[in-house]
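>>> Predicted model follows, preceded by the sequence.
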Amino acid sequence: MDIKLTEEERIKILNSDDIYGIMQKILLREDKIDQNREHFWVIGLETNNRILFIELISLGTVNKALAEPMEVFSLALQKRAVKIILCHNHPSGELKPSEADKDITDRLIQVGIIVDTEVIDHLIISNKSYLSFNDTGLLDELKKSTKYVPKYVLEQRFKKEATEIANKKKTIEIVKELKRNGVDNETIALSTGLSIEEVEKLRVRKK
């Protein structure tokens, strides 16, 4: 369900406080009975962080709301959102992320990478306060997870890292040879792409 916003509400999002201010109002608009159930919303943003849409994709139980990737990214792709913010409420008022909250965020981060629509935050809200995955560093931690990274992507990543290490070793050998031949550090740095500091650290015996 796409939630209607006023022009004033389609503001440029500067921080998590801005999003919470809007989502708290939306939560309080719900019927009293529905406030005792978990809601899961997706907020789509333009490049300049202006809100494109807020969509309620799931209305669950008192402690669980489903968030399937297809539902999360469907409207975002239709409306060409470049990034999204996830948001769900905890009716209990407890803002600590559950393992399930972390797991679905981890999964959606990886789907976002595949469809080129970045997940930039996940807010857990109550009537009175909120927790931001981004502000607490949890989002960055989940971005490092490889649990939902496709196998072929991991293989490509490992190959790239191995190639970079091999190339670095070759460059170091070239630098050592240049230093043995008396080439000055600045010229070596310009020729190899290493920093002056990296070149200076390499100690060799000159010929």
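It's in. Note that the coordinates shown come from a computational prediction; the quantities given were computed from them, not determined experimentally.
>>> so what's Tyr152 scoring on pLDDT?
With respect to pLDDT, Tyr152 scores 80.
>>> If you could redo that for Arg10, that was the one I meant.
Reading off the model, Arg10 has pLDDT 66.
>>> Following element in sequence after the helix or strand containing Glu173, please.
Counting by DSSP states H and E, the element that carries Glu173 is helix 151-180. Once the chain leaves helix 151-180, the next helix or strand it forms, by DSSP H and E, is helix 185-192.
>>> Counting by contacts, list what whichever helix or strand comes after that next one packs against.
Sequence order places helix 196-201 as the next helix or strand after helix 185-192, per DSSP H and E. Contact here means 3 or more C-beta pairs under 8 Å, 6 or more residues apart in numbering; DSSP states H and E; on that basis helix 196-201 packs against helix 185-192. Quick note: C-beta positions are derived from backbone N, CA and C, even for glycine.
>>> Output the helix it packs on as PDB - backbone C-alpha positions only.
The C-alpha atoms that make up helix 185-192 are tabulated as PDB, following Å, rounded to 0.1, in the frame of the first residue of the first chain:
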ATOM      1  CA  ASN A 185      62.000   7.900  -4.500                       C
ATOM      2  CA  GLU A 186      59.900  10.600  -6.100                       C
ATOM      3  CA  THR A 187      60.500   9.300  -9.600                       C
ATOM      4  CA  ILE A 188      59.800   5.700  -8.500                       C
ATOM      5  CA  ALA A 189      56.500   6.800  -6.900                       C
ATOM      6  CA  LEU A 190      55.400   8.600 -10.100                       C
ATOM      7  CA  SER A 191      56.400   5.600 -12.200                       C
ATOM      8  CA  THR A 192      54.800   2.800 -10.100                       C
END
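>>> Buried residues, that helix. List them.
Across helix 185-192, burial judged by 16 or more other C-beta atoms under 10 Å covers 185, 188-189, 192.
>>> Reformat those residues as TSV; add distance to Val175 and pLDDT.
Formatted as TSV, the buried residues of helix 185-192 follow (distance: C-beta to C-beta, whole Å; pLDDT from 0 to 100):
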residue	distance to Val175	pLDDT
Asn185	9	89
Ile188	6	88
Ala189	9	88
Thr192	6	88
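>>> a markdown table please, covering these and showing distance to Ala65.
Output for these, formatted as a markdown table (distance: C-beta to C-beta, whole Å):
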| residue | distance to Ala65 |
| --- | --- |
| Asn185 | 59 |
| Ile188 | 58 |
| Ala189 | 55 |
| Thr192 | 54 |
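>>> Looking at the residues you listed, spot the one nearest Ile11.
Within the buried residues of helix 185-192, distances to Ile11 taken as C-beta to C-beta reach their minimum at Ala189, with 47.0 Å.
>>> where do the helices sit along the chain?
16-29, 69-78, 99-114, 133-136, 138-143, 151-180, 185-192, 196-201 (DSSP state H).
>>> How is this structure partitioned into domains?
Domains of the chain are assigned by automatic domain parsing as 2-149, 153-201.
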